[in-house]
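*Asks:* Here is a sequence with its predicted model. Questions after.
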Amino acid sequence: MLKNLCKKAFAKSIWVYHCNTGACNGCDIEILNILTPFYDVERFGIKLVASPRHADAMLISGAVTRPTLPLVKRAYDAIPDPKLVFAIGSCATGGGAWFDTYNVTGGADKVIPVNYYIPGCPPRPESILYGVALALGLVEKEVAPVELKQMEFPIDMYERNEAWEKRNVIYELVK
Amino acid sequence: MRKELEAKLKAELQDDVVCVEKSDERTIMVDVKREAVRKTSKMVTDINGRYLCSIGYDNIDRDGTIGLVHTYSVDDADRFICVRTSAPESDPTIESITPDLPSAGWSEREYMDLLGLKFPNHPKPKKLIVADDWPAGIYPMRKNVPHDLVPPGAEDVAYQLDEAPPGTKIVPIGPFHPSLHEPEHFAVYVDGETIKGCDYRGFMTHRGIEKLCQTQVSYNEVPFIAERICGICGSVHATAFSQAVESAGGIQIPRRAEFIRTLMLEVERIHSNLLWLGVAGHLIGFDTVFMQAWRVREQIMWLCERLTGNRKTYGMILIGGVRKDITPEIADDIRKVIDKVEEELMVIHRAIEKDTSIHKRTKGVGTITKEEAIAWGLVGPVARARGVDIDARRDHPYAAYDEVKFEVPVLTDCDVWSTLVIRVIETFEAIKIIRQCLDKMPGGEYFVELKDKIPPLRHAITAIEAPRGESIHYVITGEENRPERWRVRAPTYPNLQAVPLMLLNEQFGDFPIIMGSIDPCFSCTDRVAVIDLKSGKSSSMTKAELERLSRKTPERA
């Protein structure tokens, strides 16, 4: 019954809440861009809302930084169930170039469960539209993730200096 | 200029001046002992030096000191003056210059947190570490701290807001707020509808970029990471970094590359100004402007995709030139697109120029005087709207700006409306510059291979006029094929410090547009960690000024 309810809830217009957790604005302007005349996301009934309490879905852009971490969790909790979470951009997907710096926690999935990933730096408005349409069942799924197992870099990207080795030691300790 | 300055400094400070040298054509490096920093700073400001920012760097490995550089720009003489000093690690105390120059407040706080420097006479030496729960005694910018150190958080630490002025209520805005689009927190103190003060808790999008680039990557990658400091003015940061390294390493890039850089910067300016115009329209509830401005802007995005391969974060700028050439076919495309944009922008311009509802929302809003704007070191359209005639493109010409002709619009109404007008005029100027670039662009190479290593420990500073103001990059070259220190000062950094002053005694409903008028880009500003507790600045204003301001508001209404 809940499944049917979900289908019913998301079959009509979904309202999305945009949450910048530490992005560079690149993804944010592309998210705003899908509202404008050329992409016009409102024709699918998708609307950007100001409060998480009005939203069905959450668009996260940017790597989750240390100060925003508790706030993102609170914003997520404020969205009424059932809810969808989209991670938009490379940073929200996996943390981006700064995935391991001192002030960054990582991608959005380290903090809250993410349903759909839309990678790109920044993703094109079309791909954001496609991702949301996929979630709504408007388009067919065309790609599937491939499990990649890469324990070490196959080629030496940089000289393996001392710092590089130290890093690997730290990672082994963590494992 | 160097000799005059040296003579003056030597006469005044005698032994405290270690050396005055010229590091390149426009940069004068002044080394002083730490006791004389404040005096030197005063003397530099007396000869029309405009404070830019401060740079702290860790030199403990070499001579056991922590360095600090205050930078100034002498706009009419096209010079940068860098006052360099250092303090031993055991006693990292340097006299603060904030009492003289309020805009230095943030820079000095930054290094209290990141390097553990101490400024005994700082007017607000509050703890400003990265996150609220960041443990004391760990300074992330020091070299002995690894870039991926994540110390466990202290529990039950809450952010302490400034005390509200008596009789006011606090309205929290952010961290996630529809009018901000980025995670920042403002606590606005209101008395009825009137704003009486404002406390800012920001730097939430700090990603540790400077530390990352100083420890992990090489010169080749930094321009690409620099572009991701800000998704709107990416090319600006990449160009500024490349120019700083080129200046430090004495690299001469081909003229064609300089023209292509100028072109990219101006294309970006059109896109950014239209973006801002749209957002400003949205913030005052005029969504038609938002939709129309972004519709016009979309053509620029498509053009950029054809030019560079991506809609944003172009990856065009490299140290030594640019990545792609502009072919004649693309040049024709650019001409067609900017003709179209100009035509459509004229329509928008005519529509908003006479629109009384926009006038009512923006005229006389967010006023601060020219004197205050200079004191707080405002930059870009925000400063030019307040009668401060500065533009890095004209004052410190870089790339190909010395060959193109353009106007620098300056208005004296000191409000949000004049900021808006200036940004629209600058968009037309950008179109003019692009046309000139395409006409004057010489042939030849667009990238030069670097044969020699970039020499280490050279200091270089560049200023680039981003759409929203002047961006300063300071680079100290390093030994391991990466910068030893790289400091970015985005235009929002000084502008945001003056926002509480702009907000003072305004209506609460005007908060979004006043905030929006500086085109805040928190991600640029926050690339290093500072939490700021700056409040209403009422203390820095005299009673007479407050009275004058409070009388002004009813007149407008």
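*Replies:* Cool, got the structure.
*Asks:* Kindly tell me how buried the closest residue to chain A within the stretch 351-500 of chain B is, as a neighbour count.
*Replies:* Nearest residue of the stretch 351-500 of chain B to chain A: residue B:480, at 8.0 Å (C-beta to the nearest C-beta). Bear in mind the C-beta positions are built from the backbone N, C-alpha and C, glycine included. Neighbour count of residue B:480, defined by other C-beta atoms under 10 Å in any protein chain shown: 14.
*Asks:* For residue B:436, which non-adjacent residue is spatially closest?
*Replies:* residue B:404 (4.4 Å; C-beta to C-beta, 6 or more residues apart in numbering or on different chains).
*Asks:* and residue B:188, that one's in a helix?
*Replies:* No. Under DSSP: H, G, I helix; E, B strand; the rest coil, residue B:188 falls outside any helix and is assigned strand.
*Asks:* Enumerate every residue touching it.
*Replies:* B:170-173, B:195, B:197-198, B:503, B:508, B:511 (C-beta atoms under 8 Å, 6 or more residues apart in numbering or on different chains).
*Asks:* what residue ranges in chain A are flagged as low confidence?
*Replies:* Residue ranges of chain A with pLDDT under 70: A:1-9, A:11, A:143-175.
*Asks:* Tell me the residue of it that sits nearest chain B?
*Replies:* Counting by C-beta to the nearest C-beta, chain A gets nearest chain B through residue A:26, at 2.4 Å.
*Asks:* From residue A:132, how far off is residue B:378?
*Replies:* With distances taken as C-beta to C-beta, to the nearest Å, residue B:378 is found 40 Å from residue A:132.
*Asks:* any idea where the strands of the stretch 151-300 of chain B begin and end?
*Replies:* If DSSP state E, counting those that start in this stretch is used as the criterion, the strands of the stretch 151-300 of chain B fall at B:169-173, B:185-191, B:194-201.
*Asks:* Now do the longest one: which elements does it pack against?
*Replies:* What that stands for is strand B:194-201. strand B:185-191, helix B:499-503 (3 or more C-beta pairs under 8 Å, 6 or more residues apart in numbering or on different chains; DSSP states H and E).
*Asks:* Now tabulate the ones you listed in CSV and tack on distance to residue A:15.
*Replies:* Below are the helices and strands packed on strand B:194-201 laid out as CSV (distance: least, C-beta to C-beta, whole Å):
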stretch, distance to residue A:15
strand B:185-191, 24
helix B:499-503, 31
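*Asks:* list the helices and strands the host helix or strand of residue B:55 packs on?
*Replies:* In the assignment (DSSP states H and E), residue B:55 maps to strand B:49-59. With contacts defined as 3+ C-beta pairs under 8 Å, 6+ apart, the packing partners of strand B:49-59 are strand B:65-74, strand B:79-88, helix B:105-114, strand B:469-476, strand B:485-489.
*Asks:* ok so, going back, wait, the residue nearest to residue B:436 sits on residue B:439?
*Replies:* No. Using C-beta atoms under 8 Å, residue B:404 is not in contact with residue B:439, being 9.6 Å away.
*Asks:* quick one: low-confidence ranges for chain B?
*Replies:* Along chain B, the model assigns pLDDT under 70 to residues B:125-130, B:154-160, B:523-557.
*Asks:* Name the nearest residue to the closest residue to chain A within it, sequence neighbours excluded.
*Replies:* Per C-beta to the nearest C-beta, the residue of chain B with the smallest distance to chain A is residue B:231, at 2.4 Å. The shortest distance from residue B:231 to any non-neighbouring residue, by C-beta to C-beta, 6+ apart, is to residue A:26 (2.4 Å).
*Asks:* now residue B:263
*Replies:* Nearest one to residue B:263, counting by C-beta to C-beta, 6+ apart, is residue B:437 at 4.7 Å.
*Asks:* residue contacts, that neighbour?
*Replies:* Residue B:437 neighbours (C-beta under 8 Å, 6+ apart): B:259, B:262-263, B:266, B:400, B:404.
*Asks:* So which of the residues you listed are in helices?
*Replies:* B:259, B:262-263, B:266 (DSSP state H).
*Asks:* how about those, which pair is most distant?
*Replies:* Based on C-beta to C-beta, the longest span within those runs between B:259 and B:266 and measures 10.7 Å.
*Asks:* Compare those two (neighbour count), which wins?
*Replies:* A side-by-side neighbour count of residue B:259 and residue B:266, using other C-beta under 10 Å, places residue B:266 first with 29 against 23.
*Asks:* What is the neighbour count of the residue lying closest to the more buried one once chain neighbours are set aside?
*Replies:* Of all residues not flanking residue B:266 in the chain, residue B:430 sits nearest, at 4.4 Å (C-beta to C-beta, 6+ apart). Applying other C-beta under 10 Å, we find 23 residues neighbouring residue B:430.
*Asks:* hang on, isn't residue B:430 packed against residue B:264?
*Replies:* No. With contacts counted by C-beta under 8 Å, residue B:430 stays clear of residue B:264, the gap being 11.4 Å.
*Asks:* Regarding the residue sitting nearest the centre point of chain A, what is its secondary structure?
*Replies:* Centroid-nearest residue in chain A, with C-alpha atoms, centre = their mean: residue A:87, separated by 0.9 Å. On the three-state scheme (three-state DSSP), residue A:87 is labelled strand.
*Asks:* partners of it in the sheet?
*Replies:* residue A:60, residue A:117 (DSSP bridges).
*Asks:* Now do the same contact list for it.
*Replies:* Neighbours of residue A:87 in contact, by C-beta under 8 Å, 6+ apart: A:60, A:93, A:107-109, A:114, A:116-118.
*Asks:* Kindly indicate which of the residues you listed lies nearest residue B:357.
*Replies:* Among these, and counting by C-beta to C-beta, the member closest to residue B:357 is residue A:60, at 35.0 Å.
*Asks:* count of residues packed around the closest one?
*Replies:* For residue A:60, using other C-beta under 10 Å, the count is 31.
*Asks:* cool, the one 10 residues further on as well?
*Replies:* Using other C-beta under 10 Å, residue A:70 has 14 other residues around it.
*Asks:* Which strand or helix spans it?
*Replies:* Per DSSP H and E: helix A:69-78 holds residue A:70.
*Asks:* counting contacts, what elements does that helix pack onto?
*Replies:* Using 3+ C-beta pairs under 8 Å, 6+ apart as the contact test, the elements touching helix A:69-78 are strand A:15-20, strand A:57-61.
*Asks:* Out of those, which is the most enclosed?
*Replies:* strand A:57-61 (a mean of 28; mean count of other C-beta atoms under 10 Å in any protein chain shown).
*Asks:* ok, and what's touching that strand?
*Replies:* A:14-21, A:23, A:27-28, A:31, A:52, A:72, A:75-76, A:79, A:83-89, A:91-92, A:108, A:112, A:114, A:132, A:135.
*Asks:* could you flag which of these are buried?
*Replies:* By neighbour count, with 16 or more other C-beta atoms under 10 Å in any protein chain shown, those hold A:14, A:16-21, A:23, A:27-28, A:31, A:52, A:72, A:75-76, A:79, A:83-89, A:91-92, A:108, A:112, A:114, A:132, A:135 as buried.
*Asks:* wait, residue B:399 sits on residue B:266?
*Replies:* No. Residue B:399 lies out of contact with residue B:266 (C-beta under 8 Å); the separation is 10.0 Å.
*Asks:* near chain A, which residues of the stretch 101-250 of chain B show up?
*Replies:* Neighbours of chain A within the stretch 101-250 of chain B, by C-beta under 8 Å from any C-beta of the partner chain: B:130-134, B:140, B:145, B:147-150, B:153, B:175-178, B:181-183, B:203-209, B:211-212, B:215, B:218, B:225, B:228-232, B:234.
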